[in-house]
Each structure stands twice: as C-alpha cells, then as structure tokens.
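J.: fold the following, please.
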Amino acid sequence: MVLTGLGWAIVLFFVGSYLITESWTWGYRGKWTNINNYLPRKELVFSEEQLYRYDGSNPNLPIYVAIDGDVYDVTTGAGWYSVGGSYHHFAGKDAARAYVTGCFKEHITHDLRGLTTDQLKGVEHWKKFYQNHRSYFRVGRVLHPPIDDSTPIPEPCESAVGQKPKGKDN
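T.: Okay, here's the model as predicted:
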C-alpha cells in the first residue's frame, strides 16, 4: 500500500508538472535533464590538430569547443558554432583566453598567462556554463603542448569586443 501510494505520488508529480509548466521537470532545463550526461562513454583525448577537425565545417562531424582543456559537444548549437555562426571562432579550438578578453582574433589560445584574477574567474564561469548546459556535454580533453617560458604573453588587443556593462547589482 505504501509503494502504491508512493507510485501515485510520483505519477501525479510529473503529470502536474506537465499540466502546469508543459515540462515533465517543472520547467527545469539544466544538465540533469540532458540524457547525454548519463550515457557511459569513453573520454576522448585530442591533440590540437585533431580537435580542429570538429570546427563545424564538416556537416558529418560533431562540433566541439574546448575551454581550459575540457572538450564539449556543442552540435545542438550548430547555428551558433558552425561556419557563419556568431561563435564559430571558438569551434574546434581551445580559446579560453578569448572568452574573457573579447579578442576573437589575437587571443584564440589556451594560454592563460598574464590574465587578471577577475579574468581567471571569467574562465571558470565559462567552464561552468558548458558543464551545466542543458544540451551541451563533455566528451573529453585536449592535450596542449607545454607553453615555452620564452614565449611572450599575448598582448592586449585593440579589437576586443566590449563586455556587457555592469548593472546596479553587479
């Protein structure tokens, strides 16, 4: 009798959710509702050259972006990430620096040297965006060759896209 009552409660929970929000999950659309987060898969490991093939130019391949070494499948956002899309410059690359500097030509690199504390927090913000996205999911890692200490830190660029202005509460 307890199991029957519990079963009906669960059914009513989901039916009520659908009737009120037109969603089986009370309108929640985060990473926990993405079936790809539950499917077991082998983690893929890419070189930079291998990752570049997944830049959205081949419609037969998925579209991947990387941020700070983590690779995510963003194929469901093909309108944004494929050729001609607003974020195509991120596809097939680890452009962690560009996410926070707004330099989409000069800073398409994983090199985070010289960034401010706030910019590094911005990288973490973008990592969480992809980790918690309702339809993007992690597929693996990209292995970068070590950055030579003699390589100069990327210079600030003039073509940076301005960040959103902060509101009163920020």
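
J.: which residue ranges form the strands in the chain?
T.: 44-47, 64-67, 70-73, 137-143 (DSSP state E).

J.: now the first one: buried residues?
T.: Of the residues in strand 44-47, 44, 46 count as buried by neighbour count, 16 or more other Cβ atoms under 10 Å. To be clear about C-beta, it is placed using only N, CA and C from the backbone, and glycine gets the same treatment.

J.: packing partners of it?
T.: For strand 44-47, the elements it packs on are strand 137-143, judged by 3 or more Cβ pairs under 8 Å, 6 or more residues apart in numbering; DSSP states H and E.

J.: same check, this time on the second one
T.: Here strand 64-67 touches strand 70-73, helix 96-101, helix 117-131, going by 3+ Cβ pairs under 8 Å, 6+ apart.

J.: do the same with the longest one
T.: With contacts defined as 3+ Cβ pairs under 8 Å, 6+ apart, strand 137-143 has these neighbours: strand 44-47, strand 70-73.

J.: ok, back up a step: return the most buried member of the helices and strands packed on strand 64-67.
T.: helix 96-101 (a mean of 23; mean count of other Cβ atoms under 10 Å).

J.: off-centre distance for stretch 1-8?
T.: The chain centre lies 40 Å from the centre of stretch 1-8; the measure is Cα atoms, centre = their mean, to the nearest Å.

J.: next one: the most centrally placed residue in the chain from V123, what distance?
T.: Taking Cα atoms, centre = their mean, the centroid of the chain lies closest to Y130, which sits 2.8 Å from it. Distance of Y130 to V123, given as Cβ to Cβ, to the nearest Å: 11 Å.

J.: what's the overlap in contacts for those two?
T.: Residues touching both Y130 and V123 by Cβ atoms under 8 Å, 6 or more residues apart in numbering: I67.
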